[in-house]
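1. Sequence plus the predicted model coming up.
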Amino acid sequence: MTKIQNSSRFDRLDRFAREEDGGLIIFSLFLFVCMMLAVGIGIDVMRTEMARTRLQNTADSAVLAAASMEQSMDPHTVVQDYFEKAGLADNLEGITVTQGANYKTVSANTNTKLPMFFLGMVGIDKMEAKSHGTATAGYTDVEVSLVLDVTGSMGSNNKLPNLKTAAKEFVDTVLDPNQPGSVSLSLVPYSAQVNIGAEMIGELNVPLSHPHSYCVDFEAADFTSASVSLTKQYDHMQHFQYYSSASTPIDNPGCVQQSYEQVTPFSQNRAALKGQIDQFQARANTAIHLGMKWGVALLDPSMQPVIQTLAASGHADAAFANRPYSYSRANTQKIVVLMTDGENVNTVRLKPQHYDSGDEIERWYQHSVVAYASSKGQNWQNYVETRYSSSTADTMLGNICDAAKAQGITVYTIGFEVSTHSGNVMRNCATTPAHYFDVSGTEISDAFAAIARNISTLRLTN
């Protein structure tokens with residue numbers, strides 16, 4: 001009997017050991033716990049990401065506002081104000097500001113440590129939610145030399161009125177009143193020479209030989225460099241007119257006397273520049289290389305001491321007293337816009353023996369060479385000599401264009417109803433063939449407008 005009972009007891013234990021009905025419930029409970037833990041971890045991670053996103057959005061908005069060039073408040077104050085209003089001031093770990101005359105970079109670092117509801121079960125009590133925002137804004141400082149042909153041929157075919165309209169529109173587009181001090185414009189009218197004015201020539205080593213006009217004669221080697229030396233001695237161009245004059249004193253000298261044809265350096269006065277352009281008159285012959293030489297020189301850092309002095313005396317805008325900037329300065333563009341309607345011609349000067357006394361200087365101020373020679377029954381050509389030929393002038397123009405491009409100066413050229421020869425010369429001068437515009441009639445306004453738009457897009461860095 002006892003053996004039977006023991007056997008029955010062992011059978012029941014064996015059946016219990018082999019019973020599987022309760023195993024599924026245990027496994028299901030285990031899976032449920034795992035799933036709840038996974039959901040909990042997901043919730044913790046999502047909370048962390050939401051916190052990080054909120055910090056990132058606040059940081060992005062704050063640094064963008066602080067970096068704006070129109071923002072007058074201190075960048076640190078702007079960023080702090082954004083975080084305080086968002087209720088996140090305690091999460092702002094640091095602000096970094098780097099700025100210069102024409103740019104500003106603002107960065108903000110944030111962090112928050114959130115307590116974990118579920119990850120604590122696996123030993124992670126807190127998670128960090130870091131963010132970083134950086135914004136850079138700035139203006140590209142642009143220096144422009146506008147070099148305009150006002151020679152006698154511009155008096156035909158309505159060319160000078162068309163140029164005036166186009167040039168004034170260019171001034172209005174390039175000089176944005178909403179960004180004062182960003183773009184400087186130097187106006188360089190040229191014909192047979194370039195009158196730089198008494199103030200500028202007084203800053204160079206140019207012994208004055210007369211008081212009538214202020215043009216500089218360069219040598220061929222001077223066109224291989226973008227700079228103008230402050231120590232090298234240059235010649236003061238003679239004041240004379242070799243062809244007939246309608247008046248006494250002479251009315252159309254090689255170096256013009258009128259103030260409206262003098263160089264206006266580093267200006268942002270739109271009204272004054274347009275007023276000067278309106279006064280242009282067609283006169284004399286063509287020396288494109290001299291106009292280009294001065295247009296480039298006004299962008300070369302060698303002229304900085306001269307411009308500083310001119311700004312101090314009111315002959316250049318005080319906002320540009322530190323220009324021309326270095327070629328290596330960040331966010332700085334230098335641009336020459338060179339326009340002509342003609343070709344370089346042979347250049348003549350009085351023979352030295354006919355311009356070496358006060359009486360002779362006064363004679364040529366009063367009378368043209370042709371008129372004086374005729375009164376003496378002489379050939380006027382006996383009084384003059386060729387300084388250089390038209391082909392030499394083209395070579396000098398090519399050299400100064402190359403010197404400008406070698407320094408990173410962007411060169412736009414405009415051929416206004418020009419010959420094939422002149423068109424090729426101007427195309428070769430430009431930075432690329434795409435920087436050359438061949439136009440006629442009112443198309444000149446389209447060319448200047450296209451160049452002005454390109455310059456305007458340079459101003460905003462990002």
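-> That came through, no problem.

2. How much space separates the spatially closest residue to residue 373 that is not a sequence neighbour from residue 372?
-> Counting by CB to CB, 6 or more residues apart in numbering, residue 380 is the residue found nearest to residue 373 once chain neighbours are left out, at 3.7 Å. Any C-beta I mention is one placed from the backbone N, CA and C, and that applies to glycine too. For residue 380, the distance to residue 372 (CB to CB, to the nearest Å) stands at 8 Å.

3. And for residue 241?
-> Distance, residue 241 to residue 372, using CB to CB: 10 Å.

4. Also residue 98?
-> From residue 98 over to residue 372 the distance is 67 Å, taken as CB to CB.

5. Please apply the same query to residue 175.
-> 45 Å.

6. quick one: which of these two has more around it?
-> The neighbour count for residue 175 versus residue 372, taken as other CB atoms under 10 Å, is higher for residue 175 (24 against 18).

7. which stretches of the stretch 51-200 of the chain aren't confidently modelled?
-> Counting by pLDDT under 70, the low-confidence segments of the stretch 51-200 of the chain come to 69-70, 100-102, 116-127, 138-139.

8. if we go to 50?
-> Within the stretch 51-200 of the chain, no range satisfies pLDDT under 50.

9. Go ahead and confirm the residue nearest to residue 373 touches residue 370.
-> Yes: counting by CB atoms under 8 Å, residue 370 is a contact partner of residue 380 at 4.6 Å.

10. which residues are common contacts for those two?
-> Residues touching both residue 380 and residue 370 (CB atoms under 8 Å, 6 or more residues apart in numbering): residue 242.

11. Would you mind measuring the gap between the ends of stretch 244-257?
-> Length of stretch 244-257, first residue to last, CA to CA, to the nearest Å: 17 Å.

12. so where do the strands sit in the stretch 51-200 of the chain?
-> Per DSSP state E, counting those that start in this stretch, the stretch 51-200 of the chain carries strands over the ranges 92-99, 103-110, 113-115, 126-128, 131-138, 141-149, 183-190.

13. can you put those strands in TSV and add distance to residue 314?
-> Shown next, in TSV, are the strands of the stretch 51-200 of the chain (distance: least, CB to CB, whole Å):
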stretch	distance to residue 314
strand 92-99	30
strand 103-110	29
strand 113-115	61
strand 126-128	59
strand 131-138	29
strand 141-149	20
strand 183-190	16
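
14. any chance of the ones you listed in JSON lines, plus mean neighbour count?
-> As requested, the strands of the stretch 51-200 of the chain are arranged in JSON lines below (neighbours: other CB atoms under 10 Å):
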{"stretch": "strand 92-99", "mean neighbour count": "15"}
{"stretch": "strand 103-110", "mean neighbour count": "22"}
{"stretch": "strand 113-115", "mean neighbour count": "14"}
{"stretch": "strand 126-128", "mean neighbour count": "14"}
{"stretch": "strand 131-138", "mean neighbour count": "19"}
{"stretch": "strand 141-149", "mean neighbour count": "26"}
{"stretch": "strand 183-190", "mean neighbour count": "27"}
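
15. buried sites along stretch 410-425?
-> For stretch 410-425, the neighbour count (16 or more other CB atoms under 10 Å) marks 410, 411, 412, 413, 414, 415, 416, 417, 418, 422, 423, 425 as buried.
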